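J.: everything below, folded, please.
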Amino acid sequence: MKSRRTFSRDYKLTAVKKVVEQGLSFAQVARDLGIRDTLIHNWKRAFEADGTLQAEVNESPSVEAELKRLREENRQLKMERDILKKATAFFVKENG
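T.: Numbering: from 1, shown residues only. Alright, predicted model coming up:
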């Protein structure tokens, strides 16, 4: 007779985060962990019900926010590069 395995709260939350944040399928995460995908569905439902999942998601920056920040940084760096190119061309022309 098999004894039931018990999983810690952190273990469950990590499994659910792989589905929610990393976009992996329930089946894929379950296969990787050697458990049934219905367990992860149940854990996700429980974390959503008690607000844990929402709090965890809000704490980590979203992909969209990070993408927006990186695009703004990229725009700023390109602008600075262009200014330096123009300044270099100006000083070469003045001294040449």
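
J.: how distant is whichever strand or helix holds residue 90 from the center of its chain?
T.: Per DSSP states H and E: residue 90 is located in helix 63-95. Helix 63-95 has its C-alpha centroid displaced from the chain centroid by 27 Å (CA atoms, centre = their mean, to the nearest Å).

J.: what is the rounded mean pLDDT of that helix?
T.: Averaged across helix 63-95, the pLDDT comes to 90.

J.: got it, and stretch 27-42?
T.: So the average pLDDT for stretch 27-42 ends up being 94.

J.: what lies in contact with that stretch?
T.: By CB atoms under 8 Å, 6 or more residues apart in numbering, the residues outside stretch 27-42 that reach it are 7, 15-16, 18-19, 26. The way it works is simple: take the backbone N, C-alpha and C, and place the C-beta from them, glycine included.

J.: and these, which are buried?
T.: The neighbour-count criterion (16 or more other CB atoms under 10 Å) marks 15-16, 18-19, 26 among the contacts of stretch 27-42 as buried.

J.: wait, residue 54 sits on residue 48?
T.: Yes: with contact defined as CB atoms under 8 Å, residue 54 and residue 48 form a contacting pair (7.2 Å).
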